[in-house]
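Peer 1: Test case, fold it:
(one chain, ligands or ions: 1)
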Amino acid sequence: MKQIYTFGGYLKEKFGCHVYKVPVSISGFTCPNIDGTVAKGGCTFCENDSFSPSLDRAKPLKGFYLNLTTAENPNLKQQLLQLQQQFEVLSRKATTEYGAERFLVYFQSFTNTYAPFETLKALYERALSFEGVVGLSIGTRSDSVSDEVLNYLAELSKKHEIWIEFGIQSVFDETLQRINRGHDSANVREWVAKAKGYGLNVCGHLIFGLPGEDRSMMLETARQAYAMGIDSVKYHPLYVVKRTALANEYARGAFEPISEDEYIEVLTQALLLKPLHVSVQRVTAGIDNDTLIAPSWCRDRNEQIRSINAAFKKVGLKY
Ligand code: SF4
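Peer 2: Numbers count the residues shown, from 1 in each chain. Below you'll find the model as predicted:
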């Protein structure tokens, strides 16, 4: 049985201990695809609460949003405090429940380079100052990074483990348009190459089951994402949550979610195509609360992992 190269395995090899990613969600961050800079409403599947388990803690600054042209950030002090509080709570839990020994601070919700440079620097450097933190992982969009930010992250990466996570989702522009992504595939290609050029570690997020895509398109996305030079990958099935444009499409019969069997078949093929050095951070996703509309197999993560492992076993893989 061949063990899939996981991100946890990569970190263990590199740091010799259990390194845990601590997700944080800082209020004031939004997304240019939500605030009207690129588009309004965001990606059709995005109801950002559903991707942000710790978003509740970010509510004290509700109504306050940053963008690249924000001249002054009057709430930076409070954002730094939120960051610290979230890190303390979640890192303690990870230590007691999962035996975590070191941490990567994962700026997860919304677009975490979409703020004035001074704010980004203050937040990233505060995160790196916490005890046990070996680095950062920064989730963002390819149209929301700049040479200034990448150059700065490259400087940080001389002493710390720095990752940048891009939503690739699909390499097909017709799909990106259909989900209102607000950028094209060429933009992703350009900024993944730039991030790699700065020597940064890049993780790519892929979604299988996007509207209008068949199996060959999903696998072509995986192939092209690997060819871009990503170092790590997250695979997600597309699921429908309440209060999204996709929920409306689903209600009028214009979108059919991917079945569990098809997802697992595509995932297995994508893993077999994957270069060995690309680590895997996630093989599925779901949400276990009443915001999930469909498909129902995306509710129970343990059940998903059981089915995925059973399918992997047939081709000699183990996750
Ligand atoms: S890029 Fe991310 S945060 Fe922005 S609209 Fe799309 S899914 Fe939502």
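Peer 1: Verify the stated contact: G316 with K2.
Peer 2: Yes - at 5.6 Å, G316 counts as touching K2 under the criterion of CB atoms under 8 Å. Every residue, glycine included, has its C-beta placed from N, CA and C.
Peer 1: any idea whether the residue in the stretch 151-300 of the chain positioned nearest to the ligand is helix, strand or coil?
Peer 2: Nearest residue of the stretch 151-300 of the chain to the ligand, counting by CB to the nearest ligand atom: G167, 5.7 Å away. At G167 the chain is in strand, as set by DSSP: H, G, I helix; E, B strand; the rest coil.
Peer 1: Could you tell me what pLDDT the model assigned to the nearest residue in space to R178 that is not next to it in sequence?
Peer 2: Distances taken as CB to CB, 6 or more residues apart in numbering place P211 nearest to R178, at 5.4 Å, with adjacent residues excluded. Per-residue pLDDT puts P211 at 98.
Peer 1: measure P211 to T291 for me?
Peer 2: 19 Å (CB to CB, to the nearest Å).
Peer 1: now do R243
Peer 2: Distance from R243 to T291, by CB to CB: 8 Å.
Peer 1: More neighbours: these two, which one.
Peer 2: Between R243 and T291, counted using other CB atoms under 10 Å, T291 has the larger neighbour count: 16 against 12.
Peer 1: Now do that one against T111, distance only.
Peer 2: For T291, the distance to T111 (CB to CB) stands at 21 Å.
Peer 1: got the residues of the stretch 51-200 of the chain near the ligand?
Peer 2: 110-111, 141, 167 (CB under 6 Å from any ligand atom).
Peer 1: List the contacts of A122.
Peer 2: 76, 80 (CB atoms under 8 Å, 6 or more residues apart in numbering).
Peer 1: By proximity to the ligand, which residue of the chain wins?
Peer 2: Counting by CB to the nearest ligand atom, the chain gets nearest the ligand through G42, at 2.7 Å.
Peer 1: Does that residue lie in a helix or a strand, and which?
Peer 2: Assigned by DSSP states H and E, G42 falls within no helix or strand.
Peer 1: same deal with the one 4 residues further on?
Peer 2: Secondary-structure element containing C46, defined by DSSP H and E: none, the residue being outside all helices and strands.
Peer 1: For the remainder of this discussion, apply numbering that starts at 28.
Peer 2: Got it, the first residue is 28 from now on, which makes the last one we talked about C73.
Peer 1: For it, which non-adjacent residue is closest in space?
Peer 2: Counting by CB to CB, 6+ apart, C73 lies nearest to T271, which is 6.5 Å off, once chain neighbours are set aside.
Peer 1: who are the neighbours in contact with the one you found?
Peer 2: 71-74.
Peer 1: Quick check: the gap between the residue nearest to N178 when sequence neighbours are not counted and E182.
Peer 2: Take N178 and drop its neighbours on the chain: the residue closest to it by CB to CB, 6+ apart is Y225, 6.4 Å away. When distance is defined by CB to CB, Y225 is 9 Å away from E182.
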